[in-house]
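Enquirer: With the sequence up front, the predicted model follows.
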Amino acid sequence: MNTLVSVPIARLANIYWLESRTELIKNLRIPAFAISSIAFPVMFYVFFGLIFNRDGMSGDMPAYMLATYSVFGVIGPALFSFGVGVSVERDQGWLALKQCSPMPISAYFVARVFSALVFGLAIALILFALGYIFGNVSMSPGQWTLTLVILLLGSLPFSAIGLWLGLSLKAQVAPAVVNLIYLPMAFLSGLWLPIQYFPEILQKAAWLMPAFHLSQLVLSVQGLSLGFNSILHILIILVTSAVFLGLAFRAFIRQSIN
């Protein structure tokens, strides 16, 4: 196991940076992760947010579609980096090796968060550019900035969900399970279609989805949310984060003992 030793802050920070940079480079060199993480949300937004809705892209719809597809985009890397990546490396023994090394094990998880945030940032900026140029999305600089900040911070709870999945699932089943969570959650949260078009029971089910609450926070920047207090959405996201962090910690302790 990792041993606690006195390490200068600068050297410790360098360890975290090197691990984070290495994790990012590794993911960039995996086409299945790098290309799909960026290409899928961009492709979906171009097809369904721009091309198929070109005739009806008026009023608030361009901004609405940009907000919800951006949420869809940033939560993907968080879920898959942890949900699939951790499960694969756990089964291969890499996680156990990290635990035995002098490196703080927290650097391993921080590096994955860093990588997911970089991918999320790239996805959001690409979608912002597409929405601004081709979707006629108009927001003030403050709104663009606040939207980006909410998207990046809001992706962190999905890292917690992914971490629990990655520590609980076998590598063979992790991709399928993550997809079975990611895609239905995106649909039921109103990321592809406004939930106002859903039957009443599905509208109520959306409140169980953390992606719905993140999308409402993003939409509130433009005044396009359903009108509920943002504090409520923030509290639900925080509770969700705490629950899944607790589950992930429990799974981590269990696999460390085993």
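Expert: Received the coordinates, thanks.
Enquirer: Can you list the low-confidence ranges for the stretch 51-200 of the chain?
Expert: Counting by pLDDT under 70, the stretch 51-200 of the chain shows low-confidence ranges at 53-59.
Enquirer: If we use 90, what do you get?
Expert: For the stretch 51-200 of the chain, applying pLDDT under 90 flags the ranges 51-64, 92-103, 134-138, 193-194, 196-197.
Enquirer: Tell me where it has strands.
Expert: For the stretch 51-200 of the chain, applying DSSP state E, counting those that start in this stretch gives no strands.
Enquirer: can you map out the helices along it?
Expert: 61-83, 85-92, 94-100, 105-134, 141-154, 156-168, 174-188, 200-205 (DSSP state H, counting those that start in this stretch).
Enquirer: Nearest to residue 251, out of the ones you listed?
Expert: For these, the distance to residue 251 is smallest for helix 156-168, at 3.8 Å, taking CB to CB. (Glycine included, C-beta is placed from N, CA and C.)
Enquirer: returning to what we had before: now for the helices of the stretch 51-200 of the chain, which one comes closest to residue 218?
Expert: Minimum separation from residue 218 across the helices of the stretch 51-200 of the chain (CB to CB) falls at helix 61-83, 4.5 Å.
Enquirer: Which strands or helices does that closest one pack on?
Expert: helix 31-44, helix 105-134, helix 141-154, helix 156-168, helix 174-188, helix 210-220 (3 or more CB pairs under 8 Å, 6 or more residues apart in numbering; DSSP states H and E).
Enquirer: how far out from the middle of the chain is that helix?
Expert: 7 Å (CA atoms, centre = their mean, to the nearest Å).
Enquirer: Stretch 211-218 too?
Expert: Chain-centre distance of stretch 211-218: 12 Å, with CA atoms, centre = their mean.
Enquirer: again with stretch 213-227
Expert: 17 Å.
Enquirer: what sits up against that stretch?
Expert: Stretch 213-227 has contacts (CB atoms under 8 Å, 6 or more residues apart in numbering) with 60, 63-64, 67-68, 70-71, 75, 139, 143, 146-147, 150-151, 154-155, 157, 189-191, 207, 228, 230, 233-234, 236-237.
Enquirer: now stretch 170-188
Expert: 72, 75-76, 79-80, 83-84, 87-88, 90-92, 161-162, 165-166, 169, 192-193, 195, 202, 205-206, 209-212.
Enquirer: Tell me which residues of it come out buried.
Expert: 171, 174-175, 177-178, 181-182, 185-188 (16 or more other CB atoms under 10 Å).
Enquirer: Stretch 236-250 too?
Expert: Buried residues in stretch 236-250, counted by 16+ other CB under 10 Å: 236-237, 240-241, 244-245, 247-248.
Enquirer: Pipe those residues into TSV and attach distance to residue 102 per row.
Expert: Converted to TSV, the buried residues of stretch 236-250 look like this (distance: CB to CB, whole Å):
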residue	distance to residue 102
236	39
237	35
240	34
241	29
244	29
245	25
247	28
248	23
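Enquirer: So which of those belong to helices?
Expert: 236-237, 240-241, 244-245, 247-248 (DSSP state H).
Enquirer: tell me the contacts of residue 28?
Expert: residue 34.
Enquirer: mind redoing it with 10 Å?
Expert: 34-35, 115, 118-119 (CB atoms under 10 Å, 6 or more residues apart in numbering).
Enquirer: now swap in residue 125 and tell me
Expert: Contacts of residue 125 by CB under 10 Å, 6+ apart are 70, 144, 148.
Enquirer: my guess is the second one contacts residue 70, does it?
Expert: If I follow you right, that is residue 144. No. With contact defined as CB atoms under 10 Å, residue 144 does not count as touching residue 70 (11.1 Å).
Enquirer: So for these two, which sits in the more crowded spot?
Expert: Legend: neighbour count by other CB atoms under 10 Å for residue 144 and residue 70, higher for residue 70 (29 against 17).
Enquirer: wait, doesn't that one sit right on residue 131?
Expert: Yes. The pair residue 70 / residue 131 is scored as a contact, 8.4 Å apart, by CB under 10 Å.
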